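*Asks:* sequence and computational prediction follow.
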Amino acid sequence: MNQVIKVTNLNKSFEDNHVLKDISFEVNQGDVVAVIGSSGSGKSTLLRCLIDLEKADGGTITMDGQDLLRDGNFAPPAKTREIIGKMGMVFQHFNLFPHLTVRQNLELAPKIVRKQDTGAMVKHTGALLGKVGLEDKIDAMPGTLSGGEKQRVAIARALMMEPDILLFDEPTSALDPELTGEVLNVMQELAEEHMTMVVVTHEMGFARSVANKVLFMDGGIILEEGTPEAIFEHPKSERTKEFLQSITRKE
Amino acid sequence: MDYFMSVLIPMVEGLGVTLSVFAITLVASIPLGFAFTLMARSRIKIVKGFAEVYIYILRGTPLLLQLLFVYFGLPLIPGIGPFLTFNRFPAACIAFGLNYAAYFAEIFRGGLLAIDKGQYEAAKVLGLTKAQTMIRVVIPQMIRVCLPSVSNETITLVKDTALVTIIGVAEVLHYAKAAVNRDGNTFAFLVAAGIYLIINFFITLVFKKLEKKYDF
């Protein structure tokens, strides 16, 4: 298996709050990694460090053999852009561009970052909207879409840049419960196509059935790491058991 | 009717001057104001400080005083005074442009604050540069947020142009005053009021159209 992300001894503090403490983990090509844990455990911060939305304080992040961060030293800006360009990200609050139509949301980056030619791009737009089941919304404004539709557009927008790795930051947490399914289905399809994904989530069902690796974070460390079976059926630490119990009670 | 025409005709000439001061100020102060907005957000302390002091002074003193200062005060500065001596009309445009830039800077600053940081993050992870993010993502959304305030400010500007009469620029109010003084009849003031109302009617119309266009 090809290793695509390697994180070693990652540290990050917000002032006095030590959010990530010596985090190390690896992601192989085609992995679907679910990062679970309670609020404030550092899982979103970890994801954001991977794509340069937060600057880690120390450690090493390597993507496809290229260092985004090496022992606390960042790659130069041009290199950073190149490295994070291989990743896409889907946000909790979608972050669609509200002044642009669905089509324009998808085509903005390919057009002005990649300078892609229109013919190929239009085909790509149609194909990806078809994939997320929203072909008929191509000329809609984001404001007219439901949360689930917005998130599916956001996934299609990320896919337009043909990323090797997709990061999801609680993609269903802002959705009404009945709308999470349509988003999770799209993500499951991507997983079946062997897209490498790192998913911060509270959806235990998804973590259990779609992920092949689960990281349980607690208090800024990865407390437990393993297959869904190992984490959900045979959790080693008391803290993991407690967390899983509390979350299954809620569900 | 004849009296109306005799009052109106010189005022139409003044209307040209009023509209010129208005248009030049608007065209100059909007980009200048946005430049001050960006400076006030700069990480470089001296740039940020300069923009903040500029905005503080220009918003904190009367426009009338600034007008007098540009026309009468600047030429008196030792050394550089001779280079800062302007005729009436350019002096009026300079004072107005500098003053309105400060107001627009504050309006735009508020507009930028209203934009969610998720927009910058989405643009960044899609690979847009900072300039591309500004032009394609941030500014169009800022315009929507700012339009009502800009509309308000533009209407104020139309009325403020009447101030330039103080340095002897012959605009609408200048001719109205002349007619009133000459004839001992305040009818000319009513005509002037009508002219300002008509201008602002069209401005309101334009901004309504713009707000519709930027309604997303």
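*Replies:* The structure has been received and is ready for your questions.
*Asks:* when you work out contacts or count neighbours from here on, use the C-alpha atoms and nothing else.
*Replies:* Noted.
*Asks:* and the nearest residue to A:Q3 once chain neighbours are set aside, what is it in contact with?
*Replies:* Nearest non-adjacent residue to A:Q3, counting by Cα to Cα, 6 or more residues apart in numbering or on different chains: A:N28, 4.2 Å away. Taking Cα atoms under 8 Å, 6 or more residues apart in numbering or on different chains as the criterion, A:N28 is in contact with A:1-5, A:196.
*Asks:* report the buried residues of the helix or strand bottoming out on mean pLDDT in chain A.
*Replies:* Of all regular secondary-structure elements in chain A, judged by mean pLDDT, DSSP states H and E, the least confident is helix A:238-250 with a mean of 87. Buried positions in helix A:238-250, judged by neighbour count with 16 or more other Cα atoms under 10 Å in any protein chain shown: A:240-241, A:243-244.
*Asks:* what's the answer for stretch B:33-51, then?
*Replies:* B:33-41, B:48, B:51.
*Asks:* quick check on the residue nearest to A:Q3: phi, psi?
*Replies:* For A:N28, the backbone dihedrals are phi -100, psi 160 (criterion: degrees, to the nearest 10).
*Asks:* tell me what the longest helix anywhere in chain B is packed against?
*Replies:* Looking across chain B with DSSP state H, the single longest helix is helix B:2-40. The helices and strands touching helix B:2-40, judged by 3 or more Cα pairs under 8 Å, 6 or more residues apart in numbering or on different chains; DSSP states H and E, are helix B:45-60, helix B:88-113, helix B:139-160, helix B:172-183, helix B:187-213.
*Asks:* who in the stretch 1-150 of chain A is up against chain B?
*Replies:* Contact residues, the stretch 1-150 of chain A versus chain B (Cα under 8 Å from any Cα of the partner chain): A:51, A:53, A:81, A:84-85, A:87-89, A:93, A:95-99, A:109, A:112-113, A:141, A:143.
*Asks:* now the buried members of the residues you listed.
*Replies:* Of the residues of the stretch 1-150 of chain A next to chain B, these count as buried by 16+ other Cα under 10 Å: A:51, A:53, A:81, A:84-85, A:87-89, A:93, A:95-99, A:109, A:141.
*Asks:* distance-wise, check A:E162 relative to chain B.
*Replies:* 10 Å (Cα to the nearest Cα, to the nearest Å).
*Asks:* that residue belongs to a strand?
*Replies:* No - counting by DSSP: H, G, I helix; E, B strand; the rest coil, A:E162 is not part of a strand but coil.
*Asks:* around it, how many other residues sit close by?
*Replies:* By other Cα atoms under 10 Å in any protein chain shown, 15 other residues sit near A:E162.
*Asks:* what's near enough to touch it?
*Replies:* A:K86.
*Asks:* let's go with 10 Å and repeat that
*Replies:* A:85-88, A:110, A:156 (Cα atoms under 10 Å, 6 or more residues apart in numbering or on different chains).
*Asks:* per-residue pLDDT, it?
*Replies:* pLDDT, A:E162: 95.
*Asks:* what does it show for phi and psi?
*Replies:* With angles defined as degrees, to the nearest 10, A:E162 sits at phi 50, psi 60.
*Asks:* A:M63 too?
*Replies:* According to degrees, to the nearest 10, A:M63 has phi -120, psi 120.
*Asks:* what strand or helix carries A:S13?
*Replies:* In this structure, A:S13 sits in strand A:3-14 according to DSSP states H and E.
*Asks:* just the mean pLDDT for stretch A:181-195, thanks.
*Replies:* Mean predicted lDDT for stretch A:181-195 stands at 96.
*Asks:* is B:L76 in contact with B:T85, as I believe?
*Replies:* Yes - the pair B:L76 and B:T85 passes the contact test of Cα atoms under 10 Å, sitting 8.6 Å apart.
*Asks:* where do the helices sit along the stretch 51-200 of chain A?
*Replies:* Counting by DSSP state H, counting those that start in this stretch, the stretch 51-200 of chain A has helices at residues A:77-84, A:102-112, A:118-131, A:147-160, A:180-192.
*Asks:* tell me, what's the model's pLDDT at residue 42?
*Replies:* Using chain A. Looking at A:G42, its pLDDT stands at 94.
*Asks:* try chain B instead
*Replies:* Per-residue pLDDT puts B:S42 at 93.
*Asks:* ok, the nearest residue in space to it that is not next to it in sequence - contacts?
*Replies:* Spatial nearest neighbour of B:S42, excluding adjacent residues (Cα to Cα, 6+ apart): B:K48 at 5.4 Å. Counting by Cα under 10 Å, 6+ apart, B:K48 makes contact with B:36-42, B:54.
*Asks:* point out where the chain drops to low pLDDT.
*Replies:* No chain in the question, so chain A it is. Counting by pLDDT under 70, chain A contains low-confidence ranges at A:1, A:250-251.
*Asks:* measure the most far-flung residue of chain B relative to its centre to B:K117 for me?
*Replies:* Here the centre of chain B is the reference, and by Cα atoms, centre = their mean the most remote residue is B:V125, at 37.3 Å. According to Cα to Cα, to the nearest Å, B:V125 stands 13 Å off from B:K117.
*Asks:* for the spatially most central residue of chain B, what are its contacts?
*Replies:* The structure's chain B has its C-alpha centroid closest to B:Y100; by Cα atoms, centre = their mean the separation is 4.0 Å. Applying Cα under 10 Å, 6+ apart, we find B:Y100 in contact with B:25-26, B:28-30, B:32-33, B:55, B:58-59, B:63, B:94, B:106, B:153-154, B:157.
*Asks:* next, work out how far apart it and A:L46 are.
*Replies:* Taken as Cα to Cα, the span from B:Y100 to A:L46 is 45 Å.
*Asks:* what does chain B put close to chain A?
*Replies:* Within chain B, the positions adjacent to chain A are B:116-129, B:132, B:136-138, B:140-141, B:144, B:214-216 by Cα under 10 Å from any Cα of the partner chain.
*Asks:* now list the buried members of those residues.
*Replies:* Burial by neighbour count, 16+ other Cα under 10 Å: within the residues of chain B next to chain A this picks out B:118-128, B:132, B:136-138, B:141, B:144.
*Asks:* so which of these sit within strands?
*Replies:* Using DSSP state E, no member of these sits in strands.
*Asks:* which one's more surrounded, B:L76 and B:T85?
*Replies:* Using other Cα under 10 Å as the criterion, B:L76 and B:T85 rank with B:T85 on top: 18 against 14.
*Asks:* quick check, pLDDT for that one.
*Replies:* So, for B:T85, pLDDT stands at 91.
*Asks:* contacts only, for it.
*Replies:* By Cα under 10 Å, 6+ apart, the neighbours of B:T85 are B:70-77, B:91.
*Asks:* these, buried ones only, as a ChimeraX selection?
*Replies:* The ChimeraX command for the buried members of those (criterion: 16+ other Cα under 10 Å) is given here:
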select /B:70,71,72,74,75,91
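*Asks:* farthest pair in the contacts of B:T85?
*Replies:* Using Cα to Cα, the two most remote members of these are B:I77 and B:A91, lying 15.3 Å apart.
*Asks:* just the element for A:H18, please.
*Replies:* Going by DSSP H and E, A:H18 is in strand A:17-28.
*Asks:* got a list of what B:V169 touches?
*Replies:* Here B:V169 is in contact with B:14, B:17-18, B:21, B:87-92, B:161-163 (criterion: Cα under 10 Å, 6+ apart).
*Asks:* alright, I will stop here.
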